[in-house]
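**Q** Take this sequence and fold it.
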Amino acid sequence: MTDAVGHERLRFGSARPDPLLFVPPCGEMEITMNKETLIPLVGVVTDIRRDTPDVKTFRVVGTDGKKPFVHIPGQCAMLSVPGVGEGMFSITSSPTVEEYMEFSIKKCGCLTSWLHMMEPGQEITIRGPYGNGFPVDTAFAGKDLLFIAGGIGLAPLHSVINYCRHYRDRYGKIDIVYGSRSKDDLVDYPEIENVWCKEDGINVHLTIDREQPDWDGHVGFVPNYVKELGFTTDKTVVMCGPPIMIKFTLAGLMELGFAREQVYTTMELKMKCGLGKCGRCNIGDKYVCKDGPVFRFDQLDELPNEY
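**A** Next comes the predicted model:
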């Protein structure tokens, strides 16, 4: 059934449960959801860029050659290879890119291995967007911003960084601290070096874990580098990366005098169905796919220590 505002109403316990959202029959239960978000669209991969030995960026459009749907920085989409599986991925491209969407994906399992074997012209399915996204037009507006990322953790921040670059006059100074195991593991390094590093009002601080012959930049782990840089506490911080990096970087920020309500992170790795029904992303009374994936650390402090 479809209601007056174009939402699909599904009645579970009926003869034909919806294949996209199957719930074991347990009596009559109605749920209203946005039809466009639930139903996968066919997407065409038009370009594939190898960023690191295990990260590729996929450019996707609809079968009509247009961007599949609109989104805000920090939101995610569900990508699927029929017969293989589907997974939630951060939308890497900025909403200001009107022609396509991009996803930077690390090869780390069955679905991502299949995606890494794809070639331009092949099709996938895509649905979304999901999640709350970053408060770029409210809490971030007018603020100095400090972005901190490690490894593939740059992917969720790439969208918001480029959004802030596009609307440069809406934000103060921008600092970006980004680290990886080696130079070869820096995602989007050509864009960082040739675009971000050359813009006024944007300071980029790169680091790698170990010395290597073709690297003359900083060597060391991100948490220690953040403390070395000694940022002033008048900044809003956006952080994403491996859990161990986040743990020690947050501790370093606290030592510098930052408050937990100044620091945002994203937890899209816990998202599964995107609808708040499977329970995989449940933390206390919150569902990451509906209440997140973007949270301030003071908000996370109110939840059980399950994340």
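**Q** From now on I want contacts and neighbour counts done on CA atoms only, so please keep to that.
**A** Will do.
**Q** domain assignment for the chain?
**A** 7-37, 44-130, 144-266 (automatic domain parsing).
**Q** which SS state does L154 fall under?
**A** When classified by DSSP: H, G, I helix; E, B strand; the rest coil, L154 comes out as helix.
**Q** correct me, but it touches G241?
**A** Yes: using Cα atoms under 8 Å, L154 makes contact with G241 at a distance of 7.3 Å.
**Q** With respect to I283, which of the domains of the chain lies nearest?
**A** Taking Cα to Cα, domain 144-266 is the member of those nearest to I283, at 13.9 Å.
**Q** What distance separates the opening and closing residues of that closest one?
**A** In domain 144-266, first residue to last residue: 19 Å (Cα to Cα, to the nearest Å).
**Q** likewise stretch 253-271?
**A** Start-to-end span of stretch 253-271 (Cα to Cα) is 27 Å.
**Q** again with stretch 264-273
**A** End-to-end distance of stretch 264-273 (Cα to Cα): 23 Å.
**Q** Ok, stretch 60-76 next?
**A** 14 Å.
**Q** same thing with stretch 46-64?
**A** 12 Å.
**Q** same thing with stretch 276-288?
**A** With Cα to Cα as the measure, stretch 276-288 spans 8 Å from end to end.
**Q** List the contacts of that stretch.
**A** Outside stretch 276-288, the residues within contact range by Cα atoms under 8 Å, 6 or more residues apart in numbering are G131, M267, E268, K270, M271, K272, C289, K290, L303, P304, E306, Y307.
**Q** how many other residues sit next to the closest residue to the fourth one other than its chain neighbours?
**A** What that stands for is K270. Closest residue in space to K270, ignoring its immediate chain neighbours: C281 at 5.1 Å, by Cα to Cα, 6 or more residues apart in numbering. By other Cα atoms under 10 Å, 25 other residues sit near C281.
**Q** what's the answer for the one 10 residues further on, then?
**A** Residue neighbour count, defined by other Cα under 10 Å, stands at 15 for D291.
**Q** R296 now?
**A** The local packing of R296 (other Cα under 10 Å) involves 17 other residues.
**Q** K67 too?
**A** With other Cα under 10 Å as criterion, K67 counts 18.
**Q** Work out for me the element it sits within.
**A** In this assignment (DSSP states H and E), K67 forms part of neither any helix nor any strand.
**Q** and what of I192?
**A** Under the criterion of DSSP H and E, I192 resides in helix 189-194.
**Q** got a list of contacts for that helix?
**A** D51, V204.
**Q** immediately after it, which helix or strand?
**A** strand 202-208.
**Q** Follow the chain on from that next one and name the next helix or strand.
**A** Where DSSP H and E defines the elements, the next helix or strand beyond strand 202-208 is strand 218-219.
**Q** Quick check: K56 is in a helix.
**A** No: assessed with three-state DSSP, K56 is strand; it does not lie in a helix.
**Q** before we move on, back to that, can I have the buried ones of the contacts of stretch 276-288 as a ChimeraX selection?
**A** The following ChimeraX line selects those of the contacts of stretch 276-288 that are buried, judged by 16 or more other Cα atoms under 10 Å:
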select :131,267,268,270,271,272,289,290
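**Q** Any chance of the contacts of stretch 276-288 in CSV with distance to R181 as columns?
**A** As requested, the contacts of stretch 276-288 are exported to CSV (distance: Cα to Cα, whole Å):
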residue, distance to R181
G131, 29
M267, 22
E268, 22
K270, 24
M271, 26
K272, 28
C289, 30
K290, 33
L303, 32
P304, 32
E306, 28
Y307, 24
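**Q** one step back: the domains of the chain: lowest mean pLDDT?
**A** Looking at the domains of the chain, the lowest mean pLDDT belongs to domain 7-37 (a mean of 37).
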